[in-house]
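**Q** Task: produce atomic coordinates for the following.
(chains A and B)
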Amino acid sequence: MADVMNVGVNLEAFSQAINAIQALRSSVTRVFDFLKDGMKNKETLESREKVFITEFQENLQSVNRDLNELERLSTLVGRPSESHPLHNSGLLSLDPVQDKTPLYSQLLQAYKWSNKLQYHAGLASSLLNQQSLKRSANQMGTSAKRRPKVQPSTLALPTQYVDDVISRIGRMFPDMSIELFRPNGTSAVLLVTLGKVLKAIVVMRSLFIDRTIVRGFHENIYTEDRKLDIWSKSNYQAFQKVTDHATTALLHYQLPQMPDVVVRSFMTWLRSYIKLFQTPCQRCGKYLQEGLPPTWRDFRTLEAFHDTCRQ
Amino acid sequence: MASQQMSTNNAQMSAQQAAVLQQTQAQQLSQQQDFDPVHRFKMLIPPLKDSLQNVMTIASLNFAHNTAIDNGLKTTEKGNDAAVQRFDKSLEEFYALCDQLELCLRLAHECLSQSIDSTKHSPNLVPTATKPDTVQTESLSYSQYLSMIKSQISCAKDIHNALLECSKKIAGKGQGACN
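**A** Below you'll find the model as predicted:
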């Protein structure tokens, strides 16, 4: 393992040495370019000469600094191995049957391509992990047998904790009122009234948001027997689209380990609809597109777009 | 008398052998030095410093000479001009040394990265005739090494083709969705 560390340090030292020799060449060129260009215009001759001498000294000192850096790096670089300078591939390059089977060049191409593949796979993995759509805890390491046994601890939260989180979020936004109901046991149902624009019914399971129905401010939200109607759609296309976008937002903000962050993010996103009919589209600048206001709100910037303008 | 001749011959042979050995060692050393970019890089650092010092010295002499001519202390005669050396020639020499150093470093960097890749993909060393001391319990023979890298190259090709087909399917599916 120490050898690998040394080899890594050596590789970095070579890159730094290449940069150092280029810096030295550049600084020497800069000295003579500066000397050739001469003095610049100043108020008095004395200040002109002073500035020229100061900059010239700085250039000379940078040459000296770059040379010292190069000398320091020359002591750091070292050969990997005297007996095998190219490891096993060196033997392959000396093989006399190179003309028949071009294994050496193919091997080098395979090595470089493999390095690029690992690098790009690492980038893709980090990018895709940011936009994960998984709703369960991330248990890639465990096998399928053990997965159902590990219950996420955030599913069994006490009701008081849920009430505290909801009330705390309700205090964050004064123009958005949140009423909490518990029609069936411990699961919470929220009635979110956003100004005089819309009303949203949020069905939760512990602190996980399962379903969201958005309706107009003046629409009826109760069934015939005076219960919250969590199934009927809105009569207006605008609020039907907002309901669809809310379902998408739930998937986007999903974080199984931090459900309170999810609820807060979702409520922050939902609050951006308070000016649903007064905000123009950020792309086309219009208020109505196919008879609908901009119903889409960007997940990161909360900007308003029409459904047909957002891509 | 015969013993004296024998001892003389032995001395001559030993002297010749010593000379041959020295010559061989010198050749090997020079060959090794020529082929090693790191050693060559380290050997070129002092000439680079000398070249930079030479550039600065010649520049200062040229500068002083031009100043004297501008102030009227000297005249543009052949005798005076001959004393001043060519500044552009020394600067080009410095640039050539810089480029040579950069080439040595790039070559060493490439060799080192290739060695690292080879160590990663085939950890066991292949013993050679000139260095039999590297034979270990897990050593590979050269034919085994050849078969291993052939399979590695074919695996890389298979992965490359699979990824290419996957990207084509994704692109085709995207186009289908757009249409």
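**Q** pLDDT wise, what is residue 78 at?
**A** I'll assume chain A. Note on A:G78: pLDDT of 67.
**Q** The chain in question should be chain B.
**A** pLDDT, B:K78: 54.
**Q** B:Q23 too?
**A** So, for B:Q23, pLDDT stands at 47.
**Q** What of B:V84?
**A** Reading off the model, B:V84 has pLDDT 64.
**Q** Which parts of the stretch 51-200 of chain A are helices?
**A** A:89-93, A:103-130, A:159-172 (DSSP state H, counting those that start in this stretch).
**Q** Residues contacting stretch A:171-185, please?
**A** Residues outside stretch A:171-185 that contact it (C-beta atoms under 8 Å, 6 or more residues apart in numbering or on different chains) are A:159, A:163, A:166-167, A:169-170, A:188-195, A:227-228, A:264, A:267, A:270-271, A:274. All C-beta spots, glycine's among them, are computed from the backbone N, C-alpha and C.
**Q** Then stretch A:207-215?
**A** Counting by C-beta under 8 Å, 6+ apart, A:154-155, A:157, A:161-162, A:165, A:198-204, A:221, A:229-234, A:239, A:242-243, A:246-247, A:250, A:259-260, A:262-263, A:266 sit against stretch A:207-215.
**Q** which of the helices of the stretch 51-200 of chain A is buried the deepest?
**A** Mean neighbour count (mean count of other C-beta atoms under 10 Å in any protein chain shown) peaks for helix A:89-93 among the helices of the stretch 51-200 of chain A, with a mean of 19.
**Q** Quick one: distance of the lengthiest helix in chain A to the chain centre.
**A** Ranked by residue count and defined by DSSP state H, the top helix of chain A is helix A:2-37. Taking C-alpha atoms, centre = their mean, to the nearest Å, the mean C-alpha location of helix A:2-37 is offset from the chain mean by 33 Å.
**Q** Give me the buried stretch members for that helix, please.
**A** Buried residues in helix A:2-37, counted by 16 or more other C-beta atoms under 10 Å in any protein chain shown: A:7, A:10-11, A:13-14, A:16-21, A:23-25, A:27-28, A:31.
**Q** which of these are close to chain B?
**A** A:V7, A:N10, A:L11, A:F14, A:A17, A:I18, A:I21, A:L24, A:R25, A:V28 (C-beta under 8 Å from any C-beta of the partner chain).
**Q** list the contacts for the spatially closest residue to the last one that is not a sequence neighbour?
**A** What it means is A:V28. Take A:V28 and drop its neighbours on the chain: the residue closest to it by C-beta to C-beta, 6 or more residues apart in numbering or on different chains is A:V63, 5.7 Å away. Counting by C-beta under 8 Å, 6+ apart, A:V63 makes contact with A:L24, A:S27, A:V28, A:V31, B:L52.
**Q** Format those residues as JSON lines; extra columns: distance to B:H160 and pLDDT.
**A** Below are these laid out as JSON lines (distance: C-beta to C-beta, whole Å; pLDDT from 0 to 100):
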{"residue": "A:L24", "distance to B:H160": "41", "pLDDT": "87"}
{"residue": "A:S27", "distance to B:H160": "44", "pLDDT": "87"}
{"residue": "A:V28", "distance to B:H160": "45", "pLDDT": "88"}
{"residue": "A:V31", "distance to B:H160": "49", "pLDDT": "86"}
{"residue": "B:L52", "distance to B:H160": "48", "pLDDT": "86"}
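**Q** Using TSV, lay out these together with distance to A:S177.
**A** Formatted as TSV, the contacts of A:V63 follow (distance: C-beta to C-beta, whole Å):
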residue	distance to A:S177
A:L24	69
A:S27	67
A:V28	72
A:V31	71
B:L52	76
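**Q** returning to what we had before: among the contacts of stretch A:207-215, which ones are buried?
**A** Applying 16+ other C-beta under 10 Å to these flags A:154, A:157, A:162, A:165, A:198-204, A:221, A:230, A:234, A:239, A:242-243, A:246, A:250, A:259-260, A:262-263, A:266 as buried.
**Q** What residue spans form the domains of chain B?
**A** B:37-122, B:143-179 (automatic domain parsing).
**Q** How about the first one and chain A, touching?
**A** Just to be clear, that refers to domain B:37-122. Yes. Legend: contact between domain B:37-122 and chain A by C-beta under 8 Å from any C-beta is shown at B:38-39, B:41-42, B:45, B:48-49, B:52, B:55, B:59, B:91, B:94-95, B:98, B:101-102, B:105-106, B:108-109, B:111-119, B:121-122.
**Q** follow-up on the earlier one: from the buried ones among the contacts of stretch A:207-215, which ones fall inside strands?
**A** Counting by DSSP state E, the buried ones among the contacts of stretch A:207-215 place A:L198, A:K199, A:A200, A:I201, A:V202, A:V203, A:M204 in strands.
**Q** Could I get the contacting residues of the fourth one?
**A** It stands for A:I201. Residues near A:I201 by C-beta under 8 Å, 6+ apart: A:V189, A:L190, A:L191, A:V192, A:T212, A:I213, A:R215, A:I221, A:L228, A:D229, A:I230.
**Q** How many neighbouring residues does the third one have?
**A** The one in question is A:L191. Neighbours of A:L191 under the rule other C-beta atoms under 10 Å in any protein chain shown: 15.
**Q** for chain B, which spans come out with low pLDDT?
**A** Scanning chain B for pLDDT under 70 picks out B:1-35, B:73-86, B:124-140, B:173-179.
**Q** Helices along that one, start to end?
**A** Counting by DSSP H, the helices of chain B are B:2-35, B:37-71, B:78-83, B:87-121, B:142-178.
**Q** Show the pLDDT at the single nearest residue of the stretch 151-300 of chain A relative to chain B.
**A** Nearest residue of the stretch 151-300 of chain A to chain B: A:T248, at 17.0 Å (C-beta to the nearest C-beta). Looking at A:T248, its pLDDT stands at 87.
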